[in-house]
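A.B. asks: I'd like to go over a predicted model; first the sequence, then the structure.
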Amino acid sequence: LAPRGIYTSGKGSSAVGLTAYISKDPETKELILESGALVLSDRGVCCIDEFDKMSDSTRAILHECMEQQTISIAKAGIIATLNARTSILASANPVES
């Protein structure tokens, strides 16, 4: 069994939600890096439902993750490479269903 598992829907997923995003800490007001589904499922499984409804640009984000097992982020002055050593299990509906 996988020690971690994350489920997400392809229809509601964005590239940012799958990788990582920048937010402001409410206490310190500093910018912080928040992990997305692929980073959270490091050394586990990321299950993506409705893969056929995911946009092409969002689907393209998965290439680096599957090939390099990392996600590179360069946003708001934060430059990082995050581990995403995850297995991806994607499901899609048949064409014209």
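C.D. replies: Arrived safely.
A.B. asks: List the contacts of residue 40.
C.D. replies: Residues near residue 40 by CB atoms under 8 Å, 6 or more residues apart in numbering: 4, 6. Any C-beta I mention is one placed from the backbone N, CA and C, and that applies to glycine too.
A.B. asks: Check the gap between the residue nearest the centre of the chain and residue 72 for me.
C.D. replies: The centroid of the chain falls nearest to residue 18 when counting by CA atoms, centre = their mean (2.0 Å). According to CB to CB, to the nearest Å, residue 18 stands 13 Å off from residue 72.
A.B. asks: so where's this protein uncertain?
C.D. replies: 1-2, 97 (pLDDT under 70).
A.B. asks: The helix ranked longest in the chain: which residues count as buried?
C.D. replies: The longest helix of the chain (DSSP state H) is helix 56-68. Going by neighbour count (16 or more other CB atoms under 10 Å), the buried part of helix 56-68 is 58, 59, 61, 62, 65.
A.B. asks: Stretch 73-88 now?
C.D. replies: Applying a neighbour-count criterion of 16+ other CB under 10 Å, one finds 73, 82, 84, 86, 88 buried in stretch 73-88.
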